[in-house]
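Student: need a 3D model of the sequence below.
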Amino acid sequence: MAGQFRSLAAPLRAGALAGIALAAMALGGCGANGGASAKAVSPAADAQAADAQSDGDAAADGGADASTDSQVASCAPGTRYQPGQPWYKEATSEWGLLGLQVRGTQLSVTDLDGDGRPDLLVRNGGGPDVFAPGKPERARWLLRNTGSGFEDVTEKSGLFSRRVPGPPGATHPGATLASADVDNDGDVDVYVATGAEGKTAAAEPSSELYLNDGKGQFSLGPADSAARMQGLPAVPMGVAFVDFDRDGILDLFVTHNMAGGVSSPLQDRLLRGKGDGRFVDVTQAAGLLTLAWNNATVTQLNQAKGHSWAWSAAACDLNGDGWPELLASSYGRAPNQLWQAAVLGGQRGYLNASVSSGFAYDQGTDWTDNESARCHCKDVPGDPECGKVPKPTLDCAQLKLAFGGNYRWDHAGDRQPWRLGGNSGTTICADVNNDGHMDLLTNEIKHWDVGSSSDLSELLLNIGSLDVQFDRPGNEATGLTREHAQAGWDEGHMTSAIFDFDNDGWPDVYIGASDYPDNRALLWRQDAPGHFQALPTADFFDHHRAQGNAVADFDGDGDLDIAVGHAHMRCEGQLGKDCYPTQQVRLFLNQRGQAGHWLQLDLQGAAGSNRQAIGARVRVTAGGVTQTAEVDGGHGQGGLQRHQVLHFGLGDACAAQVEVRWPDAAGTLQTATVEGGKRWKWLQGGLPAPAKVP
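Tutor: Numbers count the residues shown, from 1 in each chain. Next up, the predicted model:
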């Protein structure tokens, strides 16, 4: 059919759909008889002249009506949060998580059996899994969603089986993971990464890919794969599946932390997929090589050319050109790294845009309010720049004792920009303010004694330039402020999520604050473009030390629920007053959003795209607002992951125009107008079809 879709090698222009009037009310809206209609329309507003002929051809062909229902009912008002409305209810026991004693801090969503229901992968470090009844010695759970509860299928699934022998009943120790259809056979496989302080020996467990048989049964992938990282020191903390060269085969970006055996952060790695479960290392060819800290100059370290000391990974298209950028979020106040997609020597690769983009660290470089720096300068007043440093406000002897006999300060190096960043956990890509550009939310651990130079968790708003750049308006401007509980209070933000909890069409921000006293789950609603309003815990839920989250429509009712973990770090003595007895994972079901308007999209790539459509960019226009999202291949500390099914709140609209840019070499675009209140299955090259929400 003419006008149904076309391929575009040029980038999508931001806001291309903003001026397109919705034909939704005439084509389908909220059908009086529950009908659903979809129609292909012109792909992009920046080609309106050419599209006029396409639209005429499509009309001549009779369109693509997926419904015989021609009656249209008016839309009821959508849902919006109002203070005093409890939005979530706990269903931990009802859904079986309490009985299964599911405990952990690393959560991600997958669909192990392809039934459309979001399943859960939970990890609690790298300990053993004892499957004997009544014994809670578990570190990993694969939980199948039955529609009304979770079934523990870990043992029978074969996931976490070992390639090399181990103690009786031993399972694979990996806890950092992501899932994706690596071999394009229609089911999700799982990559499980594990660390080795030195070079991984053949007799030791290594990182592994587990291949799915389509029924939720997993077997070990090929042994001859660079993804196993044998013979290399490896401390993988972030995993993201990405098709960096858009050849239709998924690749793997793995970021590494520090290995004690080499006393330096490790090289992050890009692995190119071969389509059969094997990967080859293309880190050097792609321009991603960095330097060991002791081999780099101060200038190179300030330019973020040293190893990342990563706590997480992410991949998304930040400049709208169709090619995904790679991100590593760094611990230890080291620079975060952003790799901008480019052509190097005629091949796809990356340029280091960490500092130029504004992602490496914020502009706070005043180290003189760092209490350790002040104590050092009190003790050694003749050191450089100590003359401008105020007196300490604390007892320096007690401070030194608290830090094990030394101040937390190296005067020679810690005044440099590369040592004045944040302790970065998860970074999330999302178009927060609905302007068509993918923004970032960073999570940071902020220690009370470090002062203003330590980065805070905040939004980085994408200015939309071809060379990626971000504006940091600050938390006072965006409303993402937090009240400190007391003096000497540490802020432990490591995992978070961005999702529209009230289905009003504007993304909201959730941060799981953890690992320190008086840290808890935090939720803000976007009450104006780019501005957020904090919710009291009475209106969502009160959960202390909330590390790890998984967001999805678990009960299939059209709104987004959330499962959260609980950390037991620093729970000793008086520090642990707010710690729960166990690390029980809790489930909170959204009890109001289903009354509003929403839309879910389940994309499936065809020839030229990866089957799971990871990296596909979707624009949904409804009620004068255009939302933008991408299919996630894994992100965040230890491997968070969103459901492949994309969810959009529609506000007061009950239909939407949807544009998909598929992740193939041509950047194929398709558009359709669809009814809200439904899930739509969309196979590349065809038209969206209504699909039952399980």
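Student: which one is D664 nearest to, not counting chain neighbours?
Tutor: G608 (3.7 Å; CB to CB, 6 or more residues apart in numbering). To be clear about C-beta, it is placed using only N, CA and C from the backbone, and glycine gets the same treatment.
Student: tell me the pLDDT at the closest residue to C571 other than its chain neighbours?
Tutor: Leaving aside its sequence neighbours, C571 sits nearest to C579 (CB to CB, 6+ apart; 3.9 Å). With respect to pLDDT, C579 has a value of 96.
Student: check H568 and give its pLDDT.
Tutor: Value for H568, per-residue pLDDT: 95.
Student: mind listing what the nearest residue to it once chain neighbours are set aside touches?
Tutor: Excluding its sequence neighbours, the residue lying closest to H568 (CB to CB, 6+ apart) is Q583, at 5.5 Å. Shown in contact with Q583 (CB atoms under 8 Å, 6 or more residues apart in numbering): 103-105, 124, 565-568.
Student: distance of Q583 relative to G127?
Tutor: Note on Q583: its distance to G127, by CB to CB, to the nearest Å, is 12 Å.
Student: could you name every residue contacting both of the two?
Tutor: Contacts common to Q583 and G127, judged by CB under 8 Å, 6+ apart, are absent.
Student: give me the phi and psi angles of the residue nearest to H568.
Tutor: phi -90, psi 40 (degrees, to the nearest 10).
Student: may I ask which helix or strand encompasses the residue nearest to D664?
Tutor: Assigned by DSSP states H and E, G608 belongs to no helix or strand.
Student: repeat for the one 10 residues further on
Tutor: Applying DSSP H and E as the criterion places V618 in strand 617-622.
Student: tell me the helix or strand right after that strand.
Tutor: Next along from strand 617-622, by DSSP H and E: strand 625-630.
Student: can you list the strands that that following strand pairs with?
Tutor: Here strand 625-630 is paired, per DSSP bridges, with strand 617-622 (antiparallel).
Student: ranges for the helices of the stretch 251-400 of the chain?
Tutor: With helices called from DSSP state H, counting those that start in this stretch, the stretch 251-400 of the chain shows them at 298-302, 354-357, 371-379, 396-402.
Student: please name whichever of those helices is nearest to I428.
Tutor: Nearest of those to I428, taken as CB to CB: helix 354-357 at 15.9 Å.
Student: now do the closest one: which elements does it pack against?
Tutor: strand 337-344 (3 or more CB pairs under 8 Å, 6 or more residues apart in numbering; DSSP states H and E).
Student: give me the residues contacting the strand it packs on.
Tutor: Residues contacting strand 337-344 (CB under 8 Å, 6+ apart): 244, 268, 286-288, 290, 304, 308, 310, 317-319, 321, 323-328, 330, 348-354, 357, 359-360, 467-468.
Student: now with 7 Å?
Tutor: The contact list for strand 337-344, computed with CB atoms under 7 Å, 6 or more residues apart in numbering, reads 287-288, 304, 308, 323-328, 330, 348-354, 357, 359, 468.
Student: again, but for stretch 597-604
Tutor: Contact with stretch 597-604 is made by 75, 78, 116, 503, 558-559, 611, 613, 616, 618, 620, 631, 644-651, 653-654, 656, 658, 660, 674, 676-677, 679-684, 691, 693, as judged by CB under 7 Å, 6+ apart.
Student: cool, and stretch 358-365?
Tutor: 304, 335-336, 338, 354, 417, 420-422, 440, 452-453, 455, 460, 469-470, 472.
Student: what of stretch 430-439?
Tutor: Defining contact as CB under 7 Å, 6+ apart, one finds that stretch 430-439 is touched by 14-15, 316-318, 320, 429, 441, 459-462, 464, 498, 506-507, 529-530, 625-629.
Student: how far does it stretch from one end to the other?
Tutor: One end of stretch 430-439 to the other measures 5 Å (CA to CA, to the nearest Å).
Student: related to what we said a few turns ago, measure the residue nearest to H568 to S93 for me?
Tutor: Distance from Q583 to S93, by CB to CB: 16 Å.
Student: circling back to that earlier point, now go through the contacts of stretch 430-439 and say which are in strands.
Tutor: Counting by DSSP state E, the contacts of stretch 430-439 place 316, 429, 441, 459-462, 498, 625-629 in strands.
Student: and the residues you listed, which two are furthest apart?
Tutor: The farthest-apart pair in those, when distances are taken by CB to CB, is L460 and V625, at 21.6 Å.
Student: wait, K305 sits on L289?
Tutor: No - look at K305 against L289 with CB atoms under 7 Å: they stay out of range, at 9.3 Å.
Student: so those two - more neighbours on which side?
Tutor: More neighbours surround K305 than the other of K305 and L289, with 19 against 13 (other CB atoms under 10 Å).
Student: pLDDT score assigned to that one?
Tutor: pLDDT, K305: 98.
Student: repeat that for Q574.
Tutor: pLDDT, Q574: 86.
Student: SS state for it?
Tutor: helix (DSSP: H, G, I helix; E, B strand; the rest coil).
Student: before we move on, what about the one 5 residues further on?
Tutor: Here C579 is recorded as coil under three-state DSSP.
Student: got the contact list for it?
Tutor: Taking CB under 7 Å, 6+ apart as the criterion, C579 is in contact with 544-545, 568, 571.
Student: from A334, how far out is it?
Tutor: Separation of C579 from A334 (CB to CB): 29 Å.
Student: now F253, which residues is it bridged with?
Tutor: A240, L270.
Student: for V551, same thing?
Tutor: Assigned bridge partners for V551, using DSSP bridges, are I562.
Student: please list all residues in contact with it.
Tutor: Contacts for V551 (CB under 7 Å, 6+ apart) come out as 497, 499, 560, 562, 642.
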